[in-house]
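Visitor: need a structure here:
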Amino acid sequence: MVMPISDCPYDSLINQLSCLTKPLFRELDIKYTLTYHISTTAPPQACRPRRRSPDSSKIAIAEFEHISELGITRHLRVSFLYNVSKKTAEN
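Guide: Okay, the predicted model is just below:
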């Protein structure tokens, strides 16, 4: 059962120490205009992924097909898992 706030034994204590429950915020005028600028020369450590431009995408696809024809890489659908026969009920 929940007691009303006025019947709470801590009500008088909370009222005496209202500075703890109601902080004072003062609006102060800022008396300085100092700002810091950090110059960096390195690229950002992390950035959002972006879509490739269509021209760049075509170049990347052509390059991948070229190295695939040379046998350096292979498409995922040419995986060895596709060459393994599945077990049947007889096996």
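Visitor: for residue 87, helix, strand, or coil?
Guide: coil (DSSP: H, G, I helix; E, B strand; the rest coil).
Visitor: For burial, what's the neighbour tally of it?
Guide: 7 (other C-beta atoms under 10 Å). For every residue, glycine as well, the C-beta is placed using N, CA and C.
Visitor: And residue 27, by the same measure?
Guide: For residue 27, the count of nearby residues is 4 (other C-beta under 10 Å).
Visitor: Secondary structure element holding it?
Guide: Of the helices and strands defined by DSSP states H and E, none includes residue 27.
Visitor: Check it and give its pLDDT.
Guide: Here, the pLDDT recorded for residue 27 equals 71.
Visitor: Could you measure from it over to residue 62?
Guide: According to C-beta to C-beta, to the nearest Å, residue 27 and residue 62 sit 62 Å apart.
Visitor: go on, residue 21?
Guide: Taken as C-beta to C-beta, the span from residue 21 to residue 62 is 68 Å.
Visitor: Can you list the helices and strands that the longest helix anywhere in the chain packs against?
Guide: Using DSSP state H, we find that the single longest helix of the chain is helix 54-69. Using 3 or more C-beta pairs under 8 Å, 6 or more residues apart in numbering; DSSP states H and E as the contact test, no helix or strand touches helix 54-69.
Visitor: What would it look like as CSV? C-alpha coordinates only.
Guide: Only the C-alpha atoms of helix 54-69 are listed here, as CSV (Å, rounded to 0.1, in the frame of the first residue of the first chain):
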residue,chain,number,x,y,z
PRO,A,54,28.2,4.1,-60.2
ASP,A,55,31.5,4.6,-62.0
SER,A,56,33.6,3.5,-59.1
SER,A,57,31.3,0.4,-58.6
LYS,A,58,31.7,-0.6,-62.3
ILE,A,59,35.5,-0.3,-62.0
ALA,A,60,35.5,-2.4,-58.9
ILE,A,61,33.3,-5.1,-60.4
ALA,A,62,35.5,-5.2,-63.6
GLU,A,63,38.6,-5.5,-61.5
PHE,A,64,37.1,-8.3,-59.4
GLU,A,65,36.1,-10.2,-62.5
HIS,A,66,39.6,-9.8,-63.9
ILE,A,67,41.3,-11.2,-60.8
SER,A,68,38.7,-14.0,-60.7
GLU,A,69,39.6,-14.9,-64.3
